[in-house]
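Trainee: Return atomic coordinates for the entry below.
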Amino acid sequence: MDGICTLANDRVYDQLIALLNSIEAIYGRPMPVCVYPYDDNTTQIAAEIARRPHVQLYDNQESIRQWDEFVRRVWDTHPTAQANWQKVNGDKYYRVGTHRRYCAFDGPFDRFVYMDADTLLMSPLDEIFARLDKYDWVVYDFQYKDLSHVYDLSSPKLVEIFTTAELEAKAFCSGFYASKKGVFNSQNQEMLLEKLRQGEAEILYPMAPDQTVLNYMVMRSGISHCNLSYELAEEQKTGCCVTSTHFTSQDNILYDQGKRLTYLHYIGVKSRFFEQLCAGNNVGFPYRDEFLHYRYLHEPNQRPQFTTKPKAYNAPPSLGTKILRKLGLKN
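Mentor: As a prediction, this is how the structure comes out:
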């Protein structure tokens, strides 16, 4: 069975609804979706998922426990990550829940597409799934142009483990990918852990933990890999990120120079801005109307209405806010 999966908790409630509604709107028929819990803070999303017969909240506690443990073992091999994390937030591990997307390798779907909660589907995924007939890993992004959030570029071991050509060809964003059940199992995990213990862990980039670990897993295990940003002809490929400001909208579908996007990733727009917007605050960010359309697809009368110019989500803080932050009175 094919399906789409994502990772969520109540902090991304509004984004999850928008994503689920976009999947429903694009397919126009039931598409199975599995939501992996980031943590135990799932009361709101569980209620929403219960209203959707083709969506499930993953509850295989053994799988969740096993992947949580694997991730801790991965970061136990890193020479500096834990000390640095403890300085930043007092914890030995950082954002462990974000790795729970790996539960898809045990999950209900034989083949799956993973989408971050801060994405919207813009086209059916037939071409992505079709590539899984030939490959075990399929992505569609341009992360290879910026490896600084994939690996620690200061590590001399990086170019010993992977060639420059491999890095350019295979690095990917962990916000959207397709794979298959069982691609990674306990045997893969032990092999990868052993290589990390032998000193390879230093190439991991600790501040994007799930992305760096997943890239390492895919690239070091040597599974077959395809990036549509390389495979598609120039006249077919599109961008996918909210940072591309030239997309045009038609009937709440985005196009890149006339070509329909596969998905839109609101990368860099923090969850609090979506929450503020849905609470009625006039926060502006690119493709806000598309997000609002899908978020309120089934309840358009609840969609916030604004008559004034929005305040940009990335606007510099006011002088008053700067002072309060300096005094430790505001985050």
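Trainee: alpha carbons only for contacts and neighbour counts from here, please
Mentor: Fine.
Trainee: which ones are touching residue 252?
Mentor: With contact set as Cα atoms under 8 Å, 6 or more residues apart in numbering, residue 252 has these partners: 289-290, 293.
Trainee: Just the buried residues of those residues.
Mentor: 290, 293 (16 or more other Cα atoms under 10 Å).
Trainee: so can I have a markdown table of the contacts of residue 252 showing secondary structure, pLDDT and distance to residue 34?
Mentor: A markdown table is the format used below for the contacts of residue 252 (DSSP: H, G, I helix; E, B strand; the rest coil; pLDDT from 0 to 100; distance: Cα to Cα, whole Å):
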| residue | secondary structure | pLDDT | distance to residue 34 |
| --- | --- | --- | --- |
| 289 | helix | 97 | 26 |
| 290 | helix | 98 | 23 |
| 293 | helix | 98 | 22 |
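Trainee: in stretch 49-69, what's buried?
Mentor: 49, 55-58, 63-64, 67-68.
Trainee: repeat for stretch 281-298
Mentor: Buried, per 16+ other Cα under 10 Å, within stretch 281-298: 281-287, 290-297.
Trainee: mind checking how far stretch 155-169 is from the chain centre?
Mentor: 23 Å (Cα atoms, centre = their mean, to the nearest Å).
Trainee: Tell me the span between the first and last residue of it.
Mentor: End-to-end distance for stretch 155-169: 19 Å, by Cα to Cα, to the nearest Å.
Trainee: can you list contacts of that stretch?
Mentor: By Cα under 8 Å, 6+ apart, the list of residues contacting stretch 155-169 from outside reads 144-145, 147, 151-152, 200, 202-203, 227.
Trainee: Determine which two of those residues are furthest apart.
Mentor: The most widely separated members of the contacts of stretch 155-169, counting by Cα to Cα, are 202 and 227 (25.7 Å).
Trainee: Give me the more crowded residue out of the two.
Mentor: Taking other Cα atoms under 10 Å, residue 202 and residue 227 do not tie; residue 202 has more neighbours (23 against 20).
Trainee: so that one touches residue 81, yeah?
Mentor: No. The pair residue 202 / residue 81 is not scored as a contact, 9.0 Å apart, by Cα atoms under 8 Å.
Trainee: Quick check: neighbours shared by those two?
Mentor: Residues touching both residue 202 and residue 81 by Cα under 8 Å, 6+ apart: none at all.
Trainee: need the contact list for the nearest residue to residue 180 once chain neighbours are set aside.
Mentor: Leaving aside its sequence neighbours, residue 180 sits nearest to residue 111 (Cα to Cα, 6 or more residues apart in numbering; 4.4 Å). Neighbour list for residue 111: 1-3, 129, 132, 178-181 [criterion: Cα under 8 Å, 6+ apart].
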